[in-house]
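Give the three-dimensional model of this entry:
(chains A and B)
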There are 2 protein chains.
Amino acid sequence: MNADTLEHDMIYYFGEGPVDKELLGGKGANLGRMRSIGLPVPPGFTITTEICNHYTAHNDYPDGFTDAVAANMAKMEEELGKSFGSTGNPLLVSVRSGAAISMPGMMDSVLNIGLNDDSVEGLARQTENERFAWDSYRRLIQMFGDVVLGVEHARFEEALSEVKDSVGAKNDTDLKTGDLKDLVIRFKSIISDEGKTFPQDPWQQLRMSIDAVFMSWNNERAIRYREANDIPDDMGTAVNVQAMVFGNTGKNSGTGVGFTRNPATGENKLYGEYLLDAQGEDVVAGIRTPHPIEDLADQIPEAYEKLQDISDILEEEYRDMQDFEFTVQEGKLWMLQTRTGKRTADAAVKIAVDMADEGIIDRETAVMRIDPESLSQLLHKRIDPDAERTVIATGLNASPGAASGHIVFDPDEAERLVKEQDEKVILVRPETSPEDIHGLVSAEGIVTSRGGMTSHAAVVARGMGKPCITGCKDAAIDLSNQAVWFKDREYGTGDLITIDGATGEIMDGQVAMKDPQLSGEFESLLEWAEEFRTIGVRTNADTPEDAARARSFGAEGIGLCRTEHMFMAEDRMPIMQDMITAESLEERQEALDKLLPMQQNDFADIFKVMEGYPVIIRLLDPPLHEFLPAREDLLGEVVERSLEGRDLTRLGRMLKKVKNLEEANPMLGFRGCRLGIIHPEIFAMQVRAIIRAAATVKKETGNKVKPYIMIPLVSMEEELQHVEDMVRSVATEEISQVDVDLDYKIGTMIELPRACVIADRIARIADFFSFGTNDLTQTTFGFSRDDSEGKFFDGYKREGVMRKNPFQTLDRDGVGTLVKMAVDKARSTKEDMSLGICGEHGGDPASIEFVIGAGLDYVSCSPYRVPIARLAAAQAAIRQP
Amino acid sequence: MNADTLEHDMIYYFGEGPVDKELLGGKGANLGRMRSIGLPVPPGFTITTEICNHYTAHNDYPDGFTDAVAANMAKMEEELGKSFGSTGNPLLVSVRSGAAISMPGMMDSVLNIGLNDDSVEGLARQTENERFAWDSYRRLIQMFGDVVLGVEHARFEEALSEVKDSVGAKNDTDLKTGDLKDLVIRFKSIISDEGKTFPQDPWQQLRMSIDAVFMSWNNERAIRYREANDIPDDMGTAVNVQAMVFGNTGKNSGTGVGFTRNPATGENKLYGEYLLDAQGEDVVAGIRTPHPIEDLADQIPEAYEKLQDISDILEEEYRDMQDFEFTVQEGKLWMLQTRTGKRTADAAVKIAVDMADEGIIDRETAVMRIDPESLSQLLHKRIDPDAERTVIATGLNASPGAASGHIVFDPDEAERLVKEQDEKVILVRPETSPEDIHGLVSAEGIVTSRGGMTSHAAVVARGMGKPCITGCKDAAIDLSNQAVWFKDREYGTGDLITIDGATGEIMDGQVAMKDPQLSGEFESLLEWAEEFRTIGVRTNADTPEDAARARSFGAEGIGLCRTEHMFMAEDRMPIMQDMITAESLEERQEALDKLLPMQQNDFADIFKVMEGYPVIIRLLDPPLHEFLPAREDLLGEVVERSLEGRDLTRLGRMLKKVKNLEEANPMLGFRGCRLGIIHPEIFAMQVRAIIRAAATVKKETGNKVKPYIMIPLVSMEEELQHVEDMVRSVATEEISQVDVDLDYKIGTMIELPRACVIADRIARIADFFSFGTNDLTQTTFGFSRDDSEGKFFDGYKREGVMRKNPFQTLDRDGVGTLVKMAVDKARSTKEDMSLGICGEHGGDPASIEFVIGAGLDYVSCSPYRVPIARLAAAQAAIRQP
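Alright, predicted model coming up:
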């Protein structure tokens, strides 16, 4: 291949090429763009990414490459009136890599190219600053030796330390010209010790530096980074060759970095820092403390003023907050880089809303600019970014927010400590089950050593907006000794830890936190999102508190109210257990009669909060054994009680029932509508409670009440028909006894593949569908979510077999195809059937996009994800073709 | 509605109506048919099922019905020269019900209608047999009182006993005319005691009897029977009114039942029994011992000869073996009923093949005539039908065959007793796991109190052709005391029981059995089936023995060789456990190196047996914990060993691993290709063993060897691609080291819904698919087969929610739709891809029919079901439109 086969020129002079990041890399494109709108950018040129690919493929350059470099160098020489390699007026250049995406592992930059034993003298004379010239030269040799010649970086540092020690210098800046000359000699001999030579020919310096950038594209670290981040190998990097400007020529010079707005708060004010008399690497090195950028107004006022103008121009040009680098040489400002600035979630919201208000962007752009996921940071307490911390273990970031508390291993103990001693506790367990719910309610946060992002602890914690870390393999819990080892540190009951559910980090002791603040801009953004959103956003809420919270975040109804959690309260659990262990229908009915008014109250409170919005209530779903203690625990208690000579009747019954209910695969077992068919009295009680509650609330408030009764785990239309008949007859009976006209609906969860396949027939019976994509994902893949995430998902990711956890982002190819099939079949039976999704995916932006495409009516998610879903739904609607 | 709206005549005179079972019922249609081909059938007529439906709907008859009855009665009177209700020459008739399907619970028959206080005298005079006339009369009153008037049957029996006692008569036949007259008086007063009257008017007798038949169509027992057997209520019954003939008029008369061939053996020889001087009910009553039908040749030779002729005519007419009733009155033979005769499985095969050889039917008909399921009776030992037995418990008939043996509860003990003492044992367990395999191998039969038709014990037992009863709720097993309660009888280790896996019955002690015999006719039938069969039949076999057995039954290759069972042998299990508990890759490899030659030998033996037929070998599938002891067992052993001060290293490692491998839902857990991706060294070892074995056998025998390597539990194409790459590279490496040209294939199980949905993409990688419909049924329905059958399937059937267990007969609507989708998608990628089914459904006739319709290439089933599948596949092919 020669140059003729390239699609573009090999090299573009800054400001004369296209604004094309793929061709010129991010840095090169932006340098050119700044120059073309008249900003002060030192001249230079970009060697395209095509050349990188050519170099990678052929280990050589296309024909004519050397001439092209020479021509562009000549253009720079002419523009600046300097000459590359000249002794009297030497042109010095930097060589920097610049891919379309910034990428660690690649060669970064070589500065001061063009200096040699002769031109260093010329530079000294020209600048009348011998120290500056020799410092620049030693820096060139050091950088070139390190990044181009591959000599170990530490060897240069050692030599530098030796010289500093020998002259009693504390900092590099304390070195005198003679010391620097000494260093140049030492550096050269370090290089020649390695059998290499620092080239005196500036052209050779330039060529070798360019080579080094291209070679670094394929070094191991860069390759690994690309693999991990899905960056294609043929993206390539560009190389930027640019005339040097110097911020280290005296007190009228300096260098710094800035943001057009405050990246932490979003405040519309130039933000940044700088060092006088310094080069870029000095800012990075962190030895000297930089000044806030405002101080520049006093020190080099004309440069500061210019910077403020440029800041406005940049925002006007890029229509977003910019992060830039600049250098002031002898009072003159030079821009060396610009790019869109990273920012905190707070800042992102404020900047987007402010810019829309300022007319820089429109509201649609503002809505599109916020990563919905980032909103969750705003809704929870978080670790103060400035706080010191000692991370002792890391697990899965299962539920965001931060919390500090005393370790407690037992849910009862957690409840007791909180109630009686008003302590703040973190519940640390191998895993949790519905039996532990009071412990989860009491704790500030939860850590489990097992389980994944959708384990019981994770789901419940997210619902309650509590921080939770699951699958923490760093934690070895020894319940019998009430101890946990976080890696090699042992902690016991009462020890203080802090957890960050957003990062999965567990920290020693108490770490400072920041409270959540919902700004006016946050409200504005969500309001604007409403203009675009096309589907509803409901919430998964089991309590009036959750429901109220979700309403305050904008939820338009309850998409899933799980009734099982209502049985978990301390005063109800024993009745529930009596119900389960009942040995006759009469006994069972007796227990159910006690539970009925309790459930009725729960439902009434929820209906009140929801003020006429639809409330989908799922009839009892989990296997009954979840309401009974674990077998081992029971056995232990039996032993204990029998030693004490106490009565064992109740325990015996429980033990018998626990054995009887034991299942090999409870997920696929005796639960959902299967329970309701074998024990219709349980569902009947719940239906009575729902109807009575609805009637009461309607009478009391005069509001509409919309109870939607949902039957779980249906796989056959016969199941739904059977339960539907029962539900309808109980509901009819109840309605006939109250003096209220009540409209209710009966529908089903679609959470099994077979239900998707026969959705047209199920739709004949059901008024509505709610897709339970958690369980549907489990059965479609054959993945138990309790097991898979811990056992082999990590390995799958490592081996490249799995990219995204399908429990987090809905699997479009498999699960999605089944959902789409079910939607089409349902609509073929009932065109206007209400269809929604209530799995964890309902709060996941990528999944929401699918949901819109699939034609569903709403998503339902945990209260704290409602704002995220609202924003994501708006964005997805905007993105729809 | 009146008669004009009926589709047909209300009544058909025998021989003048259509041969239409739906309209005339089975009995009526056959009586008419016999008469129309000239057989001696007493005249009579059939009232149609339409009249039954009319009567049911209106509780009355259509207009003109009474006239139609009268007209047909007149026709009979004319034909016979007798007169209904006449004193001199009375016509007596019977009234019998006759639906299209015979149905218990309905009124059966009233005989001798037309007798009253006057005509009984006339009959006496006419027949010169006063005793006969009065006996007939008392029978009429008794039957009429019972079935028409609803007087309790026992009251007549009591009176009969009283009279017999009073005159010292032993049998009814000992009663004299005077006694019978006495009985008539007593019977009448029993009826009038109930406030009812025996009508003297023959027409009223007739009308009330017809009414009684129609009313009995809707009595409770009949309704329940129809419900249970899916018989529509509007099928209705016909009523047959027929002139009486009498077998009880003296020594030249008699009555009997016969078969045109022997229904037990199929021998082509008239078979049956009769009583001289008797009426039909006497044969049924069983008080007198009937004579074999051959004796009739001596006693009434002309009747016997006629019967033999008629037997031939019936077979010629019906083209099947007939079961008939006859009466000889004064030397004249009358046919009273014929229908297709029930027969044993042996007889069915012999009759079908003989009839084809005799030219009565063609081979297609012969093939269609055998219920494939019935063949399983011929392949296993069975309980001697004549043996006495005491059934002590009943469970699910999980694997057919019969066995006697001493109860043993422990698999080790079972093995020991068989090895050391050559005892025959029945293994009785709550359930079995792969760890118990040596016990299953040793036992004659297996009983489990838990688990369903597809539990581990059931699947393994069927594979080995051993009787097995699972889910025996009648059995309460107390392992700690080595006792089992079958209902209220306690049995201990060593107690003798007999089990019948075909019926699910457990019997006390040793019960006589019959050995299986495969007749020449059996072979012929299966040979003929081959002419029609369009899909292949392979076998699921894990051992050379199973493979050889399946070959002998005609299997054309192995559709599924599960490699896990190969690790269960006593000498391998410890190595397998070392492999699993290995703490480094080196340790694991060491164990695998030991296992490799063992597996290689297994494969080699199987390849030899299969003589070039395809052998699909599934790489390791079950979760690893199945190879380790149960946690409780380990804990117990740890305690024991530590008390004895013995080394705990190995146990400790196992315990740790067992805990580590514990899963909430192992069915959806760390198994199948998931194992192979995380521990590729296990799959690699198996691939080496397969390739080496194939190469060795090919060299040794010169036969083609066709190894198909199957990767289980694939849900994503990335999984298959990953494993396929590994398998191919190992196989290539192995092949390069042997001097043999070896062709092998790589394919996958399709056993998860997602695999069906993306089958087109999986087909790009796989050479073949095998549908694992067991697991596919589990995940499609969300039914754990280990749990569902025991926990709620019974309830589902009781409530009418489920008709067929989807683990026994493939669910066409759900699972079938997914299979069909996958087949279509696979063929869209690779038109000629090999597709088969290896789930339990592969041996189920109804499922095989689906499989053919879905376009699969073969079914694979356990060895003992291969003949069944061959026959079922032929039948399904014949039935295809």
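
in whichever strand or helix holds A:Glu420, what counts as buried?
Secondary structure assigned from DSSP states H and E places A:Glu420 in helix A:411-421. Within helix A:411-421, the residues that count as buried by 16 or more other Cβ atoms under 10 Å in any protein chain shown are A:411, A:413-418. Bear in mind the C-beta positions are built from the backbone N, C-alpha and C, glycine included.

Show me what it is packed up against.
strand A:402-408, strand A:425-429, helix A:437-442 (3 or more Cβ pairs under 8 Å, 6 or more residues apart in numbering or on different chains; DSSP states H and E).

Parallel or antiparallel, list what pairs with the shortest one.
Each strand paired with strand A:425-429, and its direction, by DSSP bridges: strand A:402-408 (parallel), strand A:445-448 (parallel).

export the ones you listed to a markdown table and tack on distance to B:Thr817 and mean pLDDT?
As requested, these are exported to a markdown table (distance: least, Cβ to Cβ, whole Å; pLDDT from 0 to 100):
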| stretch | distance to B:Thr817 | mean pLDDT |
| --- | --- | --- |
| strand A:402-408 | 48 | 95 |
| strand A:445-448 | 39 | 94 |
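
longest helix anywhere in chain A?
The longest helix of chain A (DSSP state H) is helix A:585-610.

picking up where we left off before, any chance of TSV for the helices and strands packed on helix A:411-421, columns mean neighbour count?
Formatted as TSV, the helices and strands packed on helix A:411-421 follow (neighbours: other Cβ atoms under 10 Å in any protein chain shown):
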stretch	mean neighbour count
strand A:402-408	23
strand A:425-429	28
helix A:437-442	21
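
Please produce a markdown table containing the ones you listed, extended by distance to A:Ala457.
Below are these laid out as a markdown table (distance: least, Cβ to Cβ, whole Å):
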| stretch | distance to A:Ala457 |
| --- | --- |
| strand A:402-408 | 14 |
| strand A:425-429 | 7 |
| helix A:437-442 | 7 |
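
and B:Gly612, which of these is closest to it?
The closest of the helices and strands packed on helix A:411-421 to B:Gly612 is strand A:425-429. By Cβ to Cβ, the value is 58.0 Å.

Report the inter-axis angle for that closest one versus helix A:411-421.
170 degrees (axes from the mean of the first three to the mean of the last three Cα atoms, to 10 degrees).

Helix, strand or coil: sort out A:Ser94 for me.
State at A:Ser94, reduced to three classes by DSSP: H, G, I helix; E, B strand; the rest coil: strand.

quick one: contacts for it?
A:109-113, A:240-242, A:244 (Cβ atoms under 8 Å, 6 or more residues apart in numbering or on different chains).

Find the residue closest to it in space, skipping its chain neighbours.
A:Leu111 (4.7 Å; Cβ to Cβ, 6 or more residues apart in numbering or on different chains).

List phi and psi for the one you found.
According to degrees, to the nearest 10, the main-chain angles of A:Leu111 amount to phi -100, psi 160.

State the number of residues packed around it.
22 (other Cβ atoms under 10 Å in any protein chain shown).
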